[in-house]
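> Fold the following and give me the result.
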Amino acid sequence: MASTVSDVPLSRFDDRSADTIVPLADLFRLLGDPTRLRIVLTCVDGRRPVGAIAEALGLSPSLVSHHLRLLRAARIVRAERQGKQVFYLAADRHISAMLTGMLEHVAEPASDFPVDAT
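Sure, this is the predicted structure:
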């Protein structure tokens with residue numbers, strides 16, 4: 001069985017040059033920070049203003065804003081303005097699907113994975 005992302009063969013993404021690998025590595029680096037990952041996971045559930053994100057995670061609004069700037073620049077989250085309020089949410093279904101898939105992966109019991117005898 002071929003490795004797939006949302007039923008799209010990975011062979012479709014044959015361009016593994018620095019033009020694709022570096023931005024992908026940067027995305028994983030940004031999500032490798034537990035605080036940023038918690039912020040993004042909060043935004044996957046729906047639109048949230050900075051204050052609500054900060055309160056939900058027990059962080060300062062300025063720290064959340066700092067991380068959101070980095071996440072927006074990497075197109076991991078996007079902002080939607082409504083009047084004077086700015087709401088943040090996951091940038092698109094790709095981000096949401098990736099995080100959902102990874103959460104399912106880490107929740108699987110280790111016994112679901114056979115031990116390789118090699």
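
> and residue 68, what is it in contact with?
Contact analysis of residue 68 by CB atoms under 8 Å, 6 or more residues apart in numbering lists 39, 50, 53, 77, 79, 88. (C-beta placed from N, C-alpha, C; glycine too.)

> Count residues in the vicinity of the residue nearest to residue 78 when sequence neighbours are not counted, would you?
Leaving aside its sequence neighbours, residue 78 sits nearest to residue 91 (CB to CB, 6 or more residues apart in numbering; 4.8 Å). Look at residue 91: counted by other CB atoms under 10 Å, it has 18 neighbours.

> ok, residue 91 to residue 23 distance?
13 Å (CB to CB, to the nearest Å).

> Break down the chain into its helices, ranges please.
Ranges of helices in the chain, per DSSP state H, are 18-31, 34-44, 50-57, 61-73, 93-107.

> Nearest to residue 83, out of those?
Taking CB to CB, helix 50-57 is the member of the helices of the chain nearest to residue 83, at 14.5 Å.

> in that closest one, what's buried?
Buried residues in helix 50-57, counted by 16 or more other CB atoms under 10 Å: 50, 53-54.

> next one: stretch 37-52
37-44, 47-50.

> chain center to it: distance?
Put simply, stretch 37-52 sits 11 Å off its chain's centre (CA atoms, centre = their mean, to the nearest Å).

> same thing with stretch 22-41?
Per CA atoms, centre = their mean, the centroid offset for stretch 22-41 relative to its chain is 6 Å.

> got the contact list for it?
53, 57, 59, 63-64, 67-68, 70-71, 74, 76-77, 90, 95, 99.

> start to end distance for it?
For stretch 22-41, the first and last residues are 23 Å from each other (CA to CA, to the nearest Å).

> what mean pLDDT would you report for it?
Taken as a whole, stretch 22-41 carries a mean pLDDT of 94.

> same deal with stretch 51-67?
98.

> How about residues contacting it?
The contact list for stretch 51-67, computed with CB under 8 Å, 6+ apart, reads 33, 35-36, 38-39, 42-43, 48, 50, 68, 88.

> And for residue 71, the neighbour number?
With other CB under 10 Å as criterion, residue 71 counts 26.
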